[in-house]
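S.K.: Make a model of this:
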Amino acid sequence: MTESQTDCPMTTRPQRQHEWLQQLAGRWTYESECIMAPGQPPMKATGVEEARTFGELWVIMETTITMEDGAEMRMNLTIGYDPGREQFVGSCACSPMAHLWVYDSSEWDESGNTLTLFTEGPSMNPDAAGAMAKYKDVIALKGKDEREMSSHMLGDDGQWQHFSTVTYRRKAGSN
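M.R.: Numbering: from 1, shown residues only. Got it, this is the predicted structure:
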């Protein structure tokens, strides 16, 4: 960054939260299990993810997911940190969905290497067609070459209901 860029009032200097995000960059394999309905076996999928830094402040993760039946879907997740709000922020777009998931608040446990992102989207509850629900995605670093993301929906009872777990493993030589 040049001296003139650092003087710009719109320029953000990287902070430790931005540095934390940088470790998500790389090439990853993807394995997931998703509970689509109570009492049903989980739906499994595999895939690959290319996660790259976008400057020093953002990480962009592009995932190609292959479902058990061979169908393919794509997901694009962008995460950054807004020092003014003191929150991680971002968005997620999935190819079969018209809804843009916007992460507008977060919790960060730096010592535990866990980032929880909060969003709102269409309810998965079949009895609440058309209703919106609160969600959280928890990214947990399991070491330099493995991470996990679990997804949860807030139920009518006020409890978070887990419905998906994704395990990412870094491909050799891709940090």
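S.K.: C-alpha from now on. contacts and neighbour counts both.
M.R.: OK.
S.K.: the helices in this protein, which residues?
M.R.: 3-6, 16-22 (DSSP state H).
S.K.: Confidence-wise, which helix or strand of this structure is lowest on average?
M.R.: helix 3-6 (a mean of 50; mean pLDDT, DSSP states H and E).
S.K.: Look up how far residue 44 lies from residue 52.
M.R.: Note on residue 52: its distance to residue 44, by C-alpha to C-alpha, to the nearest Å, is 25 Å.
S.K.: okay, now residue 168: neighbour count?
M.R.: Residue 168 has 23 neighbouring residues, counting by other C-alpha atoms under 10 Å.
S.K.: contacting residues for the nearest residue to it once chain neighbours are set aside?
M.R.: Computed as C-alpha to C-alpha, 6 or more residues apart in numbering, the closest residue to residue 168 that is not its neighbour in sequence is residue 30, at 4.8 Å. Counting by C-alpha atoms under 8 Å, 6 or more residues apart in numbering, residue 30 touches 45-49, 65, 166-169.
S.K.: ok, now residue 145?
M.R.: Going by C-alpha under 8 Å, 6+ apart, residue 145 touches 169-171.
S.K.: Swap in 7 Å and give it another go.
M.R.: Residue 145 is in contact with 169-170, counting by C-alpha atoms under 7 Å, 6 or more residues apart in numbering.
S.K.: same question, residue 81
M.R.: By C-alpha under 7 Å, 6+ apart, the residues touching residue 81 are 17-18, 57, 87-89.
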